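Enquirer: Sequence first, predicted coordinates after that:
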Amino acid sequence: MTCRENGIGGAGRTLSTVVGMEMIRNFVGGAFADRDAAFGDVDPATGRTHAVVQVADEPLVDQAVAAARASGWGRVPVRERAAVLRRAADGIEARFEEFVAAEVADTGKPVRLARDLDVARAVHNFRTFADVVSAAGQESFLTDLADGRQALNYAVRKPLGVVAVIVPWNLPLLLLTWKVSAALACGNSVVVKPSEFTPGTATLLAEVLRDAGLPAGAYNVVHGHGDVGEFLVGHPGIDGVTFTGSTTTGTRVMRTVAPRVRPVSFELGGKNAAVVFDDVDLDEALTGLSRAIFTNTGQVCLCTERVYVQRSIFADVADGLVEHARALRLGDPNDEATTTGPLISQQHRRKVLDHLALAEESGAKAITGGGIPDMGEGLGEGSWIEPTLWTGLTNADRVVREEVFGPVAALIPFDTEDEAIALANDTDYGLAASVWTNDLRRGHRVAQAMDVGMSWVNTWFLRDLRSPFGGMGMSGIGREDGESSLHFYTEPTNVCVQL
Ligand code: 6OD
């Protein structure tokens with residue numbers, strides 16, 4: 001039986017017996033493991049439970065960490081590791097539509113987005129990190145001391161060992177494979193804890209990695225809520241933690257890991273700004289800004305929630321963005337024409353609705369959206385929200401300072417370049433920014449002046465996995481991708497040979 005078969009995994013699986021649903025199980029030491037405790041996996045588009053997820057307990061997490069330690073993957077030569085990663089990429093491609101279906105069922109995101117962004121990136125992640133690790137060199141120095149001695153110093157990269165990978169629900173497979181492919185490429189074994197909202201693709205990936213020839217124990221999945229994640233990151237057998245999620249959870253993870261002084265890589269919240277100058281190509285900018293605000297229903301850490309617009313084009317940008325927002329098609333995620341799905345959960349929608357109320361209390365004008373759409377039969381119980389744009393807010397308003405993580409943005413005018421930079425940097429976060437201008441020098445100048453990990457000019461979320469990725473301030477700690485991933489997922493150790 002595979003993890004994604006319908007039915008039950010053995011005696012006592014009462015929940016699945018009753019509802020006869022797909023069962024999502026933990027994967028430990030190269031095999032699926034059954035547990036009695038389970039919860040329902042809800043499709044946020046319909047509000048209906050579509051699968052049953054078995055919950056890991058502490059003994060199972062212990063087993064997963066022990067299996068990871070014993071996997072032997074770190075001793076596999078780089079050439080063979082890269083070959084396994086490439087076969088994993090091929091394996092995802094071969095089961096592409098299964099991954100798409102699992103991601104859509106868990107997130108409610110439009111099937112086109114799941115294909116073009118999430119699953120396509122999963123394939124790309126494995127191929128890229130196979131390439132990165134294959135091309136990686138080591139630092140070396142020929143040393144000439146004043147006393148005449150000579151030496152050869154060279155670094156040897158060792159895997160950290162066992163890495164805990166904690167990933168969120170917004171881009172479950174994209175972020176999981178981004179971290180797992182890099183960690184495995186570097187010779188680490190991983191224990192993955194997906195979000196309880198999106199357990200599907202991490203479990204499917206277990207089959208693909210097993211079939212690609214990854215040794216048992218090198219990839220383990222434990223399901224559950226925050227307590228499972230907390231137990232995992234605090235486990236004495238964990239050598240490093242990579243986490244993407246909220247700043248609040250990130251600080252908890254950091255506290256849990258601190259007593260054992262293990263490296264962490266965190267990509268946390270954001271309150272990302274776009275700065276739009278009046279020399280811009282308006283149509284191009286509106287298309288880009290609309291993507292930046294509304295992609296994945298605003299549930300991407302890089303999404304723009306603050307748009308600073310030069311005053312002379314403020315009305316044009318506002319009208320243009322309203323037109324884009326109204327052209328979005330909310331609806332059945334499996335309909336190819338759908339552009340926009342629901343929020344991940346009712347709980348998250350309550351948070352977003354609180355922010356909509358807060359904006360109104362602050363005197364904002366919702367120039368489009370501002371509430372719950374009428375989705376009609378079948379989708380009425382889903383966690384839908386209207387794409388929303390506000391004017392009339394300033395940086396002093398809470399809703400302009402706090403991350404909403406929904407399809408919302410505040411449009412705020414500015415007059416000068418200096419003012420725009422100051423407004424964009426006036427935040428506790430520092431993840432990403434975009435600058436929209438046709439003035440080449442200004443584009444470089446303003447992009448560099450942004451206090452963020454990633455600045456885009458005339459685009460958004462255009463990624464090269466060799467470039468450093470991560471946030472400043474409350475947006476995170478550490479960088480991943482390319483060389484940065486090699487740095488995080490390995491310990492460079494130095495050998496000095498006197499010549
Ligand atoms: O594109 C990536 O590699 C990445 N880490 C995206 C993060 C998005 C956060 O929601």
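Expert: Great, that's in hand.

Enquirer: Could you check how many residues crowd around the residue nearest to residue 488 when sequence neighbours are not counted?
Expert: Closest residue to residue 488 apart from its sequence neighbours, by Cβ to Cβ, 6 or more residues apart in numbering: residue 265 at 4.9 Å. Glycine gets a C-beta too; all of them are placed from N, C-alpha and C. Residue neighbour count, defined by other Cβ atoms under 10 Å, stands at 23 for residue 265.

Enquirer: what about residue 265, helix or strand, and which?
Expert: strand 264-267 (DSSP states H and E).

Enquirer: Can you list the buried residues in that strand?
Expert: Across strand 264-267, burial judged by 16 or more other Cβ atoms under 10 Å covers 264, 265, 266, 267.

Enquirer: Residue 491: how many residues sit nearby?
Expert: Around residue 491 there are 16 other residues, counting by other Cβ under 10 Å.

Enquirer: which secondary structure element contains it?
Expert: Using DSSP H and E, residue 491 falls within strand 490-498.

Enquirer: and that strand, which strands flank it?
Expert: Paired neighbours of strand 490-498 in the sheet (DSSP bridges): strand 150-159 (antiparallel).

Enquirer: which outside residues touch the partner strand?
Expert: Contacts with strand 150-159, where a contact means Cβ atoms under 8 Å, 6 or more residues apart in numbering, come from 74, 136, 138-145, 186-188, 486, 489-499.

Enquirer: what about dumping the CA coordinates of that strand to PDB?
Expert: The C-alpha atoms that make up strand 150-159 are tabulated as PDB, following Å, rounded to 0.1, in the frame of the first residue of the first chain:
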ATOM      1  CA  GLN A 150      55.000  26.800   3.800                       C
ATOM      2  CA  ALA A 151      51.700  25.000   4.000                       C
ATOM      3  CA  LEU A 152      48.700  24.100   2.000                       C
ATOM      4  CA  ASN A 153      45.400  25.000   3.600                       C
ATOM      5  CA  TYR A 154      42.200  23.500   2.100                       C
ATOM      6  CA  ALA A 155      38.600  23.300   3.200                       C
ATOM      7  CA  VAL A 156      36.600  20.200   3.300                       C
ATOM      8  CA  ARG A 157      32.800  20.500   3.400                       C
ATOM      9  CA  LYS A 158      31.000  18.100   5.600                       C
ATOM     10  CA  PRO A 159      27.300  17.700   5.700                       C
END
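
Enquirer: my read: residue 413 touches residue 313, true?
Expert: No: counting by Cβ atoms under 8 Å, residue 413 sits too far from residue 313 to count as a contact (9.4 Å).

Enquirer: Return the distance of residue 22 relative to the ligand.
Expert: Relative to the ligand, residue 22 is positioned 26 Å away (Cβ to the nearest ligand atom, to the nearest Å).

Enquirer: Bridging across strands, which residues link to that residue?
Expert: residue 6, residue 51.

Enquirer: re the thing from before, pLDDT averaged over the strand holding residue 265, what's the number?
Expert: Per-residue pLDDT over strand 264-267 has a mean of 97.

Enquirer: Parallel or antiparallel, which strands does it pair with?
Expert: strand 240-244 (parallel), strand 476-477 (antiparallel).

Enquirer: What lies in contact with it?
Expert: Contacts for strand 264-267 (Cβ under 8 Å, 6+ apart): 240-244, 250, 253-254, 257, 301, 431, 469-471, 475-480, 488.

Enquirer: Please name the nearest non-neighbouring residue to whatever residue of the stretch 201-350 of the chain ends up closest to the ligand.
Expert: Scanning the stretch 201-350 of the chain for the residue nearest the ligand gives residue 301, at 3.2 Å (criterion: Cβ to the nearest ligand atom). Nearest residue to residue 301 in three dimensions, chain neighbours excluded: residue 270, at 5.2 Å (Cβ to Cβ, 6+ apart).

Enquirer: Tell me, how many residues neighbour the one you found?
Expert: Applying other Cβ under 10 Å, we find 29 residues neighbouring residue 270.

Enquirer: Next up, the contacts around it.
Expert: For residue 270, the contacting residues are 301, 302, 303, 403, 429, 430, 431, 432, 471, 475, by Cβ under 8 Å, 6+ apart.

Enquirer: could I get these as TSV with secondary structure?
Expert: As requested, these are exported to TSV (DSSP: H, G, I helix; E, B strand; the rest coil):
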residue	secondary structure
301	coil
302	coil
303	coil
403	coil
429	strand
430	strand
431	coil
432	strand
471	coil
475	coil
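
Enquirer: Now narrow the buried residues of strand 264-267 to whatever sits close to the ligand.
Expert: Checked against the ligand using Cβ under 6 Å from any ligand atom, the buried residues of strand 264-267 yield the following neighbours: residue 267.

Enquirer: Relative to the ligand, how far out is residue 381?
Expert: Residue 381 sits 26 Å away from the ligand, going by Cβ to the nearest ligand atom.

Enquirer: For that residue, give its distance to residue 88.
Expert: Distance, residue 381 to residue 88, using Cβ to Cβ, to the nearest Å: 36 Å.

Enquirer: Check the residue in the stretch 51-200 of the chain positioned nearest to the ligand and give its pLDDT.
Expert: The minimum distance from the stretch 51-200 of the chain to the ligand, using Cβ to the nearest ligand atom, falls at residue 178 (4.5 Å). Note for residue 178: predicted pLDDT of 98.

Enquirer: Contact partners for it?
Expert: 121, 125, 465, 480.

Enquirer: give me that answer again for 6 Å
Expert: Counting by Cβ atoms under 6 Å, 6 or more residues apart in numbering, residue 178 touches residue 125.

Enquirer: what does residue 54 give?
Expert: By Cβ under 6 Å, 6+ apart, the residues touching residue 54 are 25, 35, 38.

Enquirer: Now residue 330: closest residue in space, sequence neighbours ignored.
Expert: Distances taken as Cβ to Cβ, 6+ apart place residue 340 nearest to residue 330, at 4.8 Å, with adjacent residues excluded.

Enquirer: Please report how far the one you found lies from residue 294.
Expert: Separation of residue 340 from residue 294 (Cβ to Cβ) stands at 6 Å.

Enquirer: Repeat that for residue 64.
Expert: Using Cβ to Cβ, residue 64 is found at 38 Å from residue 294.

Enquirer: ok, now residue 185?
Expert: 33 Å.

Enquirer: More neighbours: which of these two?
Expert: With neighbours defined as other Cβ under 10 Å, residue 185 and residue 294 compare such that residue 185 has more, 28 against 25.

Enquirer: Mind pulling up the pLDDT for residue 10?
Expert: So residue 10 comes in at 31 (pLDDT).

Enquirer: for residue 51, what are its contacts?
Expert: By Cβ under 6 Å, 6+ apart, the neighbours of residue 51 are 21, 22, 24, 41.

Enquirer: burial count for the third one?
Expert: This points to residue 24. For residue 24, using other Cβ under 10 Å, the count is 26.

Enquirer: need the residues of the protein near the ligand, please.
Expert: By the rule Cβ under 6 Å from any ligand atom, the part of the chain lying against the ligand is 170, 171, 175, 178, 244, 267, 300, 301, 302, 463, 469.

Enquirer: Go through the contacts of residue 54 and name the one nearest the ligand.
Expert: The nearest member of those to the ligand, counting by Cβ to the nearest ligand atom, is residue 25 at 26.4 Å.

Enquirer: residues near that closest one, how many?
Expert: By the measure other Cβ under 10 Å, the count of residues near residue 25 is 27.

Enquirer: Done for today, thanks.
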